[in-house]
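Participant: Sharing a sequence plus its predicted fold:
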Amino acid sequence: MYPLIFPLALAGILFSIGVVGFLIRKNAIIVFMSLELMFNAANLVFITFANYFQNVNGQVIVIFIMTTAAAEVAVGLALIVSIFRSRHSISVDDLNKLKG
């Protein structure tokens with residue numbers, strides 16, 4: 001067995017980078033990439049504990065998270081492409097103008 005601190009520290013670093021990217025960046029694609037990075041950090045934690053406790057429940061949760069993330073990316077990128085075609089920009093600040 002390996003110490004749990006290494007994958008958990010990596011997951012913490014990845015999650016922190018994702019949060020910073022989500023809060024600071026203005027580009028919608030970068031925001032989606034940061035969200036995916038946070039999902040992958042959570043997946044790493046689930047897989048680490050599933051491996052440590054020899055239980056498959058964490059792996060099942062990871063499959064659901066990956067499925068949800070794939071659907072989110074498909075819908076999100078379709079929205080971004082649609083907004084880019086009409087506004088010629090994918091800045092998050094420009095999305096504020098879409099209010100009804």
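Facilitator: Yes, it's here.
Participant: From now on I want contacts and neighbour counts done on CA atoms only, so please keep to that.
Facilitator: Will do.
Participant: Tell me which residue lies nearest the centroid of the chain.
Facilitator: The C-alpha lying nearest the average C-alpha coordinate of the chain belongs to residue 36 (Cα atoms, centre = their mean; 1.9 Å).
Participant: which ones are touching that one?
Facilitator: 18, 69 (Cα atoms under 8 Å, 6 or more residues apart in numbering).
Participant: my read is it is in a strand, agree?
Facilitator: No. Counting by DSSP: H, G, I helix; E, B strand; the rest coil, residue 36 is not found in a strand; it is helix.
Participant: Which parts of the chain are helices?
Facilitator: 5-24, 28-52, 57-87, 92-95 (DSSP state H).
Participant: Could you check how far the last one is from the centre of its chain?
Facilitator: Spelled out, that is helix 92-95. 20 Å (Cα atoms, centre = their mean, to the nearest Å).
Participant: burial of residue 84, as a residue count?
Facilitator: Residue 84 has 13 neighbouring residues, counting by other Cα atoms under 10 Å.
Participant: Next, work out how far apart the residue nearest to it when sequence neighbours are not counted and residue 46 are.
Facilitator: Excluding its sequence neighbours, the residue lying closest to residue 84 (Cα to Cα, 6 or more residues apart in numbering) is residue 90, at 5.7 Å. Look at residue 90 and residue 46: by Cα to Cα, to the nearest Å, they are 33 Å apart.
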